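Enquirer: All I have is the shape, not the residue letters:
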């Protein structure tokens, strides 16, 4: 009975930790009308740039001077100023689509989500340019749509352009097509694109990792392990494989071995993850689980204590409060196990209560409880990684909206910008609530298993007294 329960704990841990390490399968958040908020941003951006571009002082007579001016503005991190010059001189830009700066301008526009101006240039290119330039501009737009989570538009743009792209962009396009098909659950079809990425490519490692993930999801363990082991044998000085990428490979194959109950192999894989890696804590938990299943309970306890003493608000650390008393129970230290279960229940109860209070504050529109740094959502002591494209795009738009507010002088547009900023805060509060509720559900699961452990200890002690 105990063995079966420990297997259940391991399976839960594998699902939680391996899913957090594979971005292709990151859990989607509910749709909060991100697309509508994006369309409102695009309309507002277009209106503001149209307003500020009416100033004749932005006129430039030659494409060379325009290129120099925009490079200077970009070097000063003044993208709004650069976009103002592009929009004011759009006819000049159209007349010089073969100039080296044209692709540069498209990248600036799309990185700032100034879609209306960029789309006008795309429409012009599709009519007036050759297939090579059109394909390269389509590729830039495809990346833009991919990054905002509009995979259908991205895939439509990627089809049929590969032969006209540079070698690196062509391989990147293959990776994107494979990932999109994986997200659409078309796993076998995605393999065809990963297989087209050659060993000489800078993206070969990513193609192989995603291919291995397809195999794991299909239950083709042996094929997945062959791919990952082959990648791990690549010389360490090969720049196609960064140190952190190697760590990720070891983590993925480690949890794959663990799920198949190849505990010795799993333990060896996890040991190869560097201690300074972002995957280190997940690897430590993997070592502890592997050790416990090998009968090395002392080794498991040592690792779990090291992990717990880090006092981090992360899933691997939170899991230790459940696993420690269970291992004490397995080795017959029932009093220590009972005390450890009590610590776990107290810990989980406090965490759950704290997170529920934060959720309530957010629902009451008290947004002071959380803030955003890059792609991380921070709520008091808790930190959540944001990995889905729609939310990441929303975060980028929010930063860009602050830029637009600074350069705008039109009262009507200022009112619209303020309204949109409030809507973005509302959407982000929903994202925060969902992430918190997800975390609460994990903690409640750990709490329930701890309660079951206490009940089991009590039941066994009663039987021993009879």
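Expert: Yep, that arrived. In this text the structure is predicted, and so the values were computed from the model without any measurement. Numbering: from 1, shown residues only.
Enquirer: for the longest helix seen in the chain, what is the average pLDDT?
Expert: If you go by DSSP state H, the chain has its longest helix at helix 411-465. Mean pLDDT, helix 411-465: 88.
Enquirer: these two touch, right, residue 175 and residue 190?
Expert: No - Residue 175 lies out of contact with residue 190 (Cβ atoms under 8 Å); the separation is 10.0 Å. (Each C-beta comes from the backbone N, C-alpha and C, glycine too.)
Enquirer: which residues do those two both contact?
Expert: residue 210 (Cβ atoms under 8 Å, 6 or more residues apart in numbering).
Enquirer: the more surrounded of these two?
Expert: The neighbour count for residue 175 versus residue 190, taken as other Cβ atoms under 10 Å, is higher for residue 190 (24 against 20).
Enquirer: so where's the stretch 1-150 of the chain uncertain?
Expert: 1-32 (pLDDT under 70).
Enquirer: which residues of it fall in strands?
Expert: Remark: no strands are assigned in the stretch 1-150 of the chain by DSSP state E, counting those that start in this stretch.
Enquirer: can you pull out the helices in it?
Expert: 2-19, 34-52, 63-75, 79-88, 90-95, 102-111, 115-128, 131-147 (DSSP state H, counting those that start in this stretch).
Enquirer: will you turn the ones you listed into a markdown table that also has mean neighbour count and distance to residue 266?
Expert: Shown next, in a markdown table, are the helices of the stretch 1-150 of the chain (neighbours: other Cβ atoms under 10 Å; distance: least, Cβ to Cβ, whole Å):
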| stretch | mean neighbour count | distance to residue 266 |
| --- | --- | --- |
| helix 2-19 | 16 | 10 |
| helix 34-52 | 18 | 38 |
| helix 63-75 | 16 | 48 |
| helix 79-88 | 22 | 47 |
| helix 90-95 | 16 | 56 |
| helix 102-111 | 20 | 41 |
| helix 115-128 | 17 | 47 |
| helix 131-147 | 20 | 33 |
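Enquirer: May I see those helices arranged in JSON lines, with distance to residue 311 as well?
Expert: As requested, the helices of the stretch 1-150 of the chain are exported to JSON lines (distance: least, Cβ to Cβ, whole Å):
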{"stretch": "helix 2-19", "distance to residue 311": "19"}
{"stretch": "helix 34-52", "distance to residue 311": "35"}
{"stretch": "helix 63-75", "distance to residue 311": "43"}
{"stretch": "helix 79-88", "distance to residue 311": "40"}
{"stretch": "helix 90-95", "distance to residue 311": "55"}
{"stretch": "helix 102-111", "distance to residue 311": "39"}
{"stretch": "helix 115-128", "distance to residue 311": "45"}
{"stretch": "helix 131-147", "distance to residue 311": "35"}
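Enquirer: just so I know, which of those lies nearest residue 264?
Expert: Closest to residue 264 of the helices of the stretch 1-150 of the chain, according to Cβ to Cβ: helix 2-19, at 15.0 Å.
Enquirer: do you know how far the residue nearest in space to the middle of the chain is from residue 435?
Expert: Geometric centre of the chain, nearest residue: residue 387, 2.4 Å, by Cα atoms, centre = their mean. Distance of residue 387 to residue 435, computed by Cβ to Cβ, to the nearest Å: 11 Å.
Enquirer: ok, now residue 311?
Expert: Following Cβ to Cβ, the distance that separates residue 311 from residue 435 is 21 Å.
Enquirer: Likewise for residue 215?
Expert: Counting by Cβ to Cβ, the gap from residue 215 to residue 435 is 30 Å.
Enquirer: With residue 184 instead?
Expert: When residue 184 is compared with residue 435 (using Cβ to Cβ), they lie 24 Å apart.
Enquirer: out of those two, which sits in the busier spot?
Expert: Using other Cβ under 10 Å as the criterion, residue 184 and residue 435 rank with residue 435 on top: 21 against 13.
Enquirer: Hmm, the more buried one is touching residue 383, no?
Expert: No - with contacts counted by Cβ under 8 Å, residue 435 stays clear of residue 383, the gap being 10.2 Å.
Enquirer: For those two, list the residues in contact with both.
Expert: With Cβ under 8 Å, 6+ apart, residue 435 and residue 383 have common neighbours residue 377.
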